[in-house]
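Asker: requesting a structural model of the entry that follows:
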Amino acid sequence: MKEQNAILEVSKYPVKDTDVIKGNKVTAENVETVLALDNALANKRLIGYGGLLKQIHKELNLGDAENGDLVNVTGEDEVANGTFDVIARWHVGLKNYVIE
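Answerer: Numbering: from 1, shown residues only. Predicted structure coming up:
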C-alpha cells in the first residue's frame, strides 16, 4: 500500500520542540539541552502512535515498527518514487523554516 511507507516514515519522529526547550529564546541552557538530546537520540528508532494515527496503524496491520525494516521496502511505491529531498533550516529571526 502506498500510504504505508509514508505512515512509517512520519511515525519515526515524535519529539516536539516544546518538550525539550524553555521559552521562545535561544539560550545557552536550551542549546545545551538540544545538543544533549541530539547526542542521546543519535542512531535510535523512537516510535509513538496516538489518536487517529494509532487507529490507522492498527487497521492497516502495519509491520513491527521496532524490528521491521523501514528503509528497504519491497515493491513499487509511486508516492515514495515521486518524492524528493528538501533541506530546510530554522531561521531564528524569521521564526520559521527556510528552504535551502
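
Asker: quick one: K25 is in a helix?
Answerer: No - read with DSSP: H, G, I helix; E, B strand; the rest coil, K25 is coil and lies in no helix.

Asker: can you offset everything so residue one is 9?
Answerer: In the new count, where the first residue is 9, that last one comes out as K33.

Asker: measure it to L43 for me?
Answerer: When distance is defined by Cβ to Cβ, to the nearest Å, K33 is 16 Å away from L43. From N, CA and C alone the C-beta is placed, and that goes for glycine too.

Asker: ok, A96 to K103 distance?
Answerer: 14 Å.

Asker: A44 now?
Answerer: Separation of A44 from K103 (Cβ to Cβ): 24 Å.

Asker: neighbour count winner among those two?
Answerer: Legend: neighbour count by other Cβ atoms under 10 Å for A44 and K103, higher for A44 (11 against 8).

Asker: for the more buried one, helix, strand, or coil?
Answerer: At A44 the chain is in helix, as set by three-state DSSP.

Asker: and if you look at R97?
Answerer: Judged by three-state DSSP, the three-state class of R97 is strand.

Asker: burial check on the residue nearest to it when sequence neighbours are not counted, number of neighbours?
Answerer: Closest residue to R97 apart from its sequence neighbours, by Cβ to Cβ, 6 or more residues apart in numbering: V106 at 5.8 Å. By the criterion of other Cβ under 10 Å, V106 has 11 neighbours.
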